[in-house]
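> 3D, please:
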Amino acid sequence: MSDTDTRPSTAAGTGTGTAGARRPLPAHVDVVVVGAGLSGIGAGYRLQTEVPDRSYLVLESREAMGGTWDLFRYPGIRSDSDMFTLGYQFKPWREPKSIADGPTILRYIRETAEEFGLDEHIRYGTKVLGADFSTAEARWTLTLLRDGVETTMTCDFLYSCAGYYDYDETYTPDLPGLSDFGGTVVHPQFWPEDLDYSGQRVVVIGSGATAVTLVPSMLRDSTGDEGVDGSGAAAHVTMLQRSPTWISAVPSRDTKADWLREHLPADLAHTLIRSKNIAFGTAFYQFCRRYPDRARKLLTGLATKVLGDEQLVADHFTPSYDPWDQRLCAIPSADLFKAIKGGDAEVVTDTIDRFVPEGVRLSSGRVLEADVVVTATGLQLLAFGGISPQVDGETVPLSEQFVWQGAMMTGVPNFAVCIGYTNASWTLRADLSHRLVCKVLRWMDDRDLAAVEPHPDRELAERPLLDLASGYVQRSIGAFPRQGDSGPWRVRQNYVLDSLTTLRADLRRTLRTTPRSAVRRDAQPVGAGR
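Predicted coordinates:
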């Protein structure tokens, strides 16, 4: 077996900063944001516009901004949410496609950072190893790794925008006999830049968003163009799934949005398009949850209309679970279905017996011959980018804590996390969290408070933070904080309700406070940065 599951190199010259020309770290800032991805850049914008008197810094462990959209380089990587809602409210999406490819999204993030001067606040190659909050000083001490050297700095408020995926380690289930396989094995999270699959037989193991994206992207498209990453088209791609996933075809372009952008001023068009898409997404989710049988019939009917084979849909695209028990996969322009219908792709529902030199032998006895196997078997969850917050030197047991307003957490003062929606665009929830953090910071300034910490006024019924049946959630969700059963302790998956209530939260009722007069502040540390 030739295993080329390696991490791609990252170009350090495209507005990302380089190891040889690092901006120095200050000894102290008011707010530290962890992560310079889609969320971190949005947080930076809100901080500098809504609390301009507060200094802030964005710490990024990698050498480039963009997070997911810079790290993942597999063929066809794209959004599975429309960009009018996944994009920022304050920077209208101008590109023609509503479902956008990864490089276009990355360019949008970088343009946003440059346009608003956010890139000046980012420090690359700076990994947060530890964070300890002193209740006596009402201040965080961060232990950082920079260029192989540990250093420290302090901040008053810590905001984790690192998402909840582990970007360093993948999830790969036990694959018996993998070492016997004579071809190449890759994982989408670390796609090799030099992988040439031209004319190759490819097996993609998985049925989630990554798998349904990879299959058509590695094939010649309907216009005869070669594979999207420039390596040429695969000869044939098989998607091997243990069980089906709900998949919905969506337009790659939003014709109503195109009309509005053509006939209305840009800002007004953006507001109307965003509102339209939020309303549709919310209504469709509620329809699926309230009327699962009707949703099943709708989704299977749409798939049958494209594939033209009712039995194929019944066997491979009709899951046992209800729509939105797990996240719904979107396929723009029905590209996966069209690739299967055209014969260049195949979907097989079976389990793996073991790998053999020529490919994958299934439990049914069939052997899928392959030159390349892609293990699109899912990601691993990791709370707060791997940061285990401490208070006065004691590690806080995350699984015993509750999340308040989807952003702050019991047991940890002056700390917030950005957790996006699972049933809608991540950025919708993220932006509400950014604005809530800014509201809390203004409230602290107005009342001369040094620290705040959420505290329930009653006993809470415990629920998982992410209420999804997906395997990647169930494997790791026990290590995360919990949500409660109602009010500000419930992490709802409903942007319309959240937008009406989150920023109207009565902070006095649920935030325990420490006045500045009650804390000891030593002289500002000097020389802590590099």
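> quick one, domains of this protein?
What automatic domain parsing lists as the domains of the chain is 28-168+381-518, 178-375.
> phi first, then psi, for the residue nearest to the spatial centre of the chain.
Centroid-nearest residue in the chain, with CA atoms, centre = their mean: G163, separated by 5.8 Å. Dihedral angles phi and psi of G163 (degrees, to the nearest 10) take the values phi 70, psi -160.
> follow-up on the earlier one: for the domains of the chain, give me CSV that also has mean pLDDT.
Shown next, in CSV, are the domains of the chain (pLDDT from 0 to 100):
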stretch, mean pLDDT
domain 28-168+381-518, 91
domain 178-375, 91
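> deepest of the ones you listed, which one?
For these, the largest average neighbour count (mean count of other CB atoms under 10 Å) is found in domain 28-168+381-518, namely a mean of 20. Using the backbone N, CA and C atoms, a C-beta is placed for each residue, glycine as well.
> pull the longest strand seen in the chain out as PDB, backbone CA atoms only.
Using DSSP state E, we find that the single longest strand of the chain is strand 149-160. In PDB, the C-alpha atoms belonging to strand 149-160 read as follows (Å, rounded to 0.1, in the frame of the first residue of the first chain):
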ATOM      1  CA  VAL A 149       9.200  28.400  21.800                       C
ATOM      2  CA  GLU A 150       6.700  28.700  24.700                       C
ATOM      3  CA  THR A 151       5.700  32.200  25.800                       C
ATOM      4  CA  THR A 152       2.900  33.800  27.600                       C
ATOM      5  CA  MET A 153       0.600  36.800  27.400                       C
ATOM      6  CA  THR A 154      -2.500  38.000  29.300                       C
ATOM      7  CA  CYS A 155      -6.000  39.100  28.400                       C
ATOM      8  CA  ASP A 156      -9.200  40.100  30.100                       C
ATOM      9  CA  PHE A 157     -11.600  38.100  28.000                       C
ATOM     10  CA  LEU A 158     -11.000  34.900  25.900                       C
ATOM     11  CA  TYR A 159     -13.200  34.000  22.900                       C
ATOM     12  CA  SER A 160     -12.700  30.700  21.200                       C
END
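> show me what it packs onto, helices and strands only.
strand 28-34, strand 126-134, strand 139-146, strand 415-417, helix 426-446 (3 or more CB pairs under 8 Å, 6 or more residues apart in numbering; DSSP states H and E).
> out of the domains of the chain, which is closest to R22?
domain 28-168+381-518 (6.9 Å; CB to CB).
> check the offset of that closest one from the chain's centre.
Computed by CA atoms, centre = their mean, to the nearest Å, the chain-centroid distance of domain 28-168+381-518 equals 12 Å.
> same thing with stretch 294-306?
Distance, centroid of stretch 294-306 to centroid of chain: 28 Å (CA atoms, centre = their mean).
> contacts for that stretch?
246-249, 287-288, 310, 313-314, 317-318, 322-324, 334, 337-338, 341 (CB atoms under 8 Å, 6 or more residues apart in numbering).
> again, only using 7 Å
Under the criterion CB atoms under 7 Å, 6 or more residues apart in numbering, residues 246-249, 287-288, 310, 313, 317-318, 323, 334, 337-338, 341 lie in contact with stretch 294-306.
> I'd say L507 and L441 touch.
No: at 11.0 Å, L507 does not count as touching L441 under the criterion of CB atoms under 7 Å.
> how about the nearest residue to Q483 once chain neighbours are set aside, what does it touch?
Excluding the flanking residues, the one nearest Q483 by CB to CB, 6 or more residues apart in numbering is V491, at 4.3 Å. Contacts for V491 (CB under 7 Å, 6+ apart) come out as V403, G406, L465, Q483.
> tell me which of these fall in strands.
Per DSSP E, those map to strands at V403.
> a markdown table for the contacts of V491, including distance to V519?
Listed next are the contacts of V491 as a markdown table, based on distance: CB to CB, whole Å:
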| residue | distance to V519 |
| --- | --- |
| V403 | 25 |
| G406 | 28 |
| L465 | 31 |
| Q483 | 30 |
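> go through the contacts of V491 and say which is closest to P454.
V403 (8.2 Å).
> quick check: the gap between D180 and R509.
62 Å (CB to CB, to the nearest Å).
> what of P52?
Counting by CB to CB, the gap from P52 to R509 is 28 Å.
> next: H263.
On the measure of CB to CB, H263 and R509 end up 46 Å apart.
> please report how far L25 lies from P319.
Distance from L25 to P319, by CB to CB: 49 Å.
> an error on my part: the question was meant for V373.
From V373 to P319 the distance is 24 Å (CB to CB).
> just L298 next, same as before
14 Å.
> same question, D353
For D353, the distance to P319 - CB to CB - is 23 Å.
> go on, Q89?
34 Å.
> now do T85
Applying CB to CB to T85 and P319 gives a distance of 25 Å.
> again with K305
K305 is 18 Å from P319, by CB to CB.
> now do G67
29 Å.
> show me what contacts the residue nearest to S433 when sequence neighbours are not counted?
In this structure, S433 finds its nearest non-sequential neighbour in A407, 4.2 Å apart by CB to CB, 6+ apart. The contact partners of A407, by CB under 7 Å, 6+ apart, come to A416, V417, S433, L436, V437.
> which one is H263 nearest to, not counting chain neighbours?
A269 (7.8 Å).
> ugh, wrong one, D101
R78 (4.8 Å).
> would you map the strands across the stretch 101-250 of the chain?
In the stretch 101-250 of the chain, the strands defined using DSSP state E, counting those that start in this stretch lie at 122-123, 126-134, 139-146, 149-160, 184-186, 201-205, 236-241, 247-250.
> the fourth one to strand 126-134, inter-axis angle?
To tie it back to what came earlier, the one meant is strand 149-160. Interaxial angle of strand 149-160 relative to strand 126-134 (axes from the mean of the first three to the mean of the last three CA atoms, to 10 degrees): 70 degrees.
> contacting residues around strand 149-160?
Contacts for strand 149-160 (CB under 7 Å, 6+ apart): 25-34, 43, 131, 139-144, 384-385, 387, 414-418, 437, 441, 525, 528-530.
> do the same with the second one
When contacts are taken as CB under 7 Å, 6+ apart, the neighbours of strand 126-134 outside the stretch itself are 34, 59-61, 140-146, 158, 387, 389-393, 412-414.
> each with direction, which strands does it pair with?
Its sheet considered, strand 126-134 pairs with strand 139-146 (antiparallel), strand 390-391 (parallel) by DSSP bridges.
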